[in-house]
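**Q** prediction below, plus the sequence it came from.
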Amino acid sequence: MFVAGNWKSNKSFSEAKEFANVMQGMSPFPEQVEVMVAPPAPYLAAMGQEGLPFRLGAQNVSATGPGAQTGEFTAEMLAGCGVVDVIVGHSERRDGHGDVDAVVAEKVNRVLEAGLRVVFCCGESLQDRQSDVHFDKVLRQMESAILHLPVEVMDRVVVAYEPIWAIGTGLTATADQAQEMHAAIRGWLREAYDAETAAGIPILYGGSCKPGNADELFACADVDGGLIGGAALEPDSFRAIIDAAGRVASAKVGVDAGA
């Protein structure tokens, strides 16, 4: 299981350090759960020098290399700050900052070329779902950025499904809705590669996952964790989701062992 926290544009630097200190003082995370936190970019270099209890992620990356690109930061720069995971294609970047499919695909390439792991976001709007084109929309995003990649890099790819209509709205996709899309994504990966490769790619749920619904969502067969927004801003709620992932991971291992 993989639980990733996306802070977006929240927290002062002192608050970020306090969060890390509180998490460091907690009991060890469940061994079956990988944990990542993506703080705002100005904090990455300093936080990368600390003994963090979680993987350090970035929320964005340049689609270009070094050079005359004012305000941009490259994947290699992120790696030099201690970043190991990079979120690419988040709906807020797609909708508000011009990250169309072609730009997202280039960012994915840059992250992988730098030896980092990409957390690739895909998802549909409420209009897409109501128009019954939500599978087509997500497949198009996957085809543009992921499904053509060489199999050798797929162990550094994470897919995060985010129903856009469930982000920051208080709405949450039902467990059945989440599983349905996750199963489709797994199927597309299986068709593009093979069953073993598809099974090894974490597919995260990224739509208003909270301590109260984490167990139910994570229990879905093709949900391998979550990309967490608001609930990742407080150590206690984030830890509760991590612990939920640990419980579900243990249960899934038990089921597999008994099969």
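**A** On my side now, so go ahead.
**Q** alpha carbons only for contacts and neighbour counts from here, please
**A** Noted.
**Q** model confidence for the closest residue to residue 216 other than its chain neighbours, exactly?
**A** Closest residue to residue 216 apart from its sequence neighbours, by CA to CA, 6 or more residues apart in numbering: residue 175 at 6.6 Å. At residue 175, the model reports a pLDDT of 93.
**Q** next, count neighbours for residue 175.
**A** By other CA atoms under 10 Å, 18 other residues sit near residue 175.
**Q** for it, phi and psi?
**A** phi -60, psi -40 (degrees, to the nearest 10).
**Q** that one reaches residue 217, doesn't it?
**A** Yes. In this structure, residue 175 is within contact of residue 217 by CA atoms under 8 Å, at 5.2 Å.
**Q** what's the overlap in contacts for these two?
**A** Residues touching both residue 175 and residue 217 by CA atoms under 8 Å, 6 or more residues apart in numbering: none at all.
**Q** now do the contacts for residue 145.
**A** Here residue 145 is in contact with 101, 102, 104, 105, 106, 108 (criterion: CA under 8 Å, 6+ apart).
**Q** what does residue 99 give?
**A** Contacts for residue 99 (CA under 8 Å, 6+ apart) come out as 89, 93.
**Q** which parts of stretch 18-29 are buried?
**A** In terms of neighbour count (16 or more other CA atoms under 10 Å), stretch 18-29 has its buried residues at 19, 20, 21, 23, 29.
**Q** would you turn the residues you listed into a markdown table with secondary structure, pLDDT and distance to residue 134?
**A** Formatted as a markdown table, these follow (DSSP: H, G, I helix; E, B strand; the rest coil; pLDDT from 0 to 100; distance: CA to CA, whole Å):
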| residue | secondary structure | pLDDT | distance to residue 134 |
| --- | --- | --- | --- |
| 19 | helix | 98 | 36 |
| 20 | helix | 97 | 37 |
| 21 | helix | 96 | 41 |
| 23 | helix | 97 | 37 |
| 29 | coil | 97 | 35 |
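**Q** could you give the bridge partners of the nearest residue to residue 209 once chain neighbours are set aside?
**A** Of all residues not flanking residue 209 in the chain, residue 228 sits nearest, at 6.2 Å (CA to CA, 6+ apart). When bridges are called by DSSP bridges, residue 228 pairs up with residue 5.
**Q** now the helices for the stretch 1-150 of the chain?
**A** 13-25, 44-47, 75-80, 91-96, 101-113, 126-130, 134-145 (DSSP state H, counting those that start in this stretch).
**Q** how about the shortest one: buried residues?
**A** Neighbour counts using 16+ other CA under 10 Å place 44, 45, 47 of helix 44-47 among the buried residues.
**Q** what do you get for the fourth one?
**A** Using 16+ other CA under 10 Å as the test for burial, helix 91-96 gives 91, 94.
**Q** the third one too?
**A** By neighbour count, with 16+ other CA under 10 Å as the criterion, the buried positions of helix 75-80 are 75, 76, 78, 79.
**Q** distance check, the second one against residue 116.
**A** Distance of residue 76 to residue 116, computed by CA to CA, to the nearest Å: 9 Å.
**Q** picking up where we left off before, of the contacts of residue 145, just the buried ones, ChimeraX syntax please.
**A** Buried residues among those (16+ other CA under 10 Å), as a ChimeraX selection:
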select :101,104,105,106,108
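**Q** now distance to residue 169 too, for the buried residues of stretch 18-29, in JSON lines please.
**A** Formatted as JSON lines, the buried residues of stretch 18-29 follow (distance: CA to CA, whole Å):
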{"residue": "19", "distance to residue 169": "25"}
{"residue": "20", "distance to residue 169": "27"}
{"residue": "21", "distance to residue 169": "30"}
{"residue": "23", "distance to residue 169": "27"}
{"residue": "29", "distance to residue 169": "29"}
